[in-house]
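Asks: After the sequence you'll find the predicted model.
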Amino acid sequence: MIIAAGAVTVIGAFLPFWEVPLVGTTNAWGRLLFPIATLMPVFGLVMAVQVAAARFGNVQFPDRVLSFTWPQVHVALGSFAALLAVCYLVSDKGIMSFGIGYWIVLLGCLGLVTGAVMLEREPANR
């Protein structure tokens, strides 16, 4: 689930994130949103690459990163990405509106936190 959600957030980040009347659109990498909105797809990409490398590439990562287990790191990154997406949802947008990219990134971030919690609760990680 983390791999799919990470891919969704990265793809959504290239689609229109904000739509501004008479000006146009900008994606998550655009000048109006960089660097805050870019953290969501970057966290998704980091999580997806780590899971894919560990599961399919047989890459051996250290058991702990700064005293945190990998499932704990995933929960932290996924939760922060989802929190950022929800904060964009409730913030004052003025004349701007969300584009399809935002909604895709929001769904991807919710998938990241869901997958991270599922990973944390796997019997092998206890």
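Replies: Right, received. Where do you want to start?
Asks: Need the pLDDT of residue 85.
Replies: As predicted, residue 85 sits at a pLDDT of 96.
Asks: May I have the host helix or strand of it as CSV, with CA atoms only?
Replies: Assigned by DSSP states H and E, residue 85 belongs to helix 70-90. This file holds the C-alpha atoms of helix 70-90, laid out as CSV (Å, rounded to 0.1, in the frame of the first residue of the first chain):
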residue,chain,number,x,y,z
TRP,A,70,11.5,1.7,10.1
PRO,A,71,7.8,1.3,10.7
GLN,A,72,8.0,4.1,13.2
VAL,A,73,9.7,6.3,10.6
HIS,A,74,7.0,5.5,8.1
VAL,A,75,4.3,6.4,10.6
ALA,A,76,6.0,9.7,11.3
LEU,A,77,6.5,10.6,7.6
GLY,A,78,3.0,9.4,6.5
SER,A,79,1.3,11.2,9.4
PHE,A,80,3.2,14.4,8.6
ALA,A,81,2.3,14.2,4.9
ALA,A,82,-1.3,13.6,5.7
LEU,A,83,-1.3,16.5,8.2
LEU,A,84,0.1,18.8,5.6
ALA,A,85,-2.6,17.8,3.1
VAL,A,86,-5.4,18.3,5.6
CYS,A,87,-3.9,21.7,6.6
TYR,A,88,-4.0,22.8,3.0
LEU,A,89,-7.7,21.7,2.9
VAL,A,90,-8.7,23.9,5.9
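Asks: Not counting the helix or strand just after it itself, show me its contacts.
Replies: Going down the chain from helix 70-90, the next helix or strand is strand 97-98, by DSSP H and E. By C-beta atoms under 8 Å, 6 or more residues apart in numbering, the residues outside strand 97-98 that reach it are 17, 18, 19, 88. Using the backbone N, CA and C atoms, a C-beta is placed for each residue, glycine as well.
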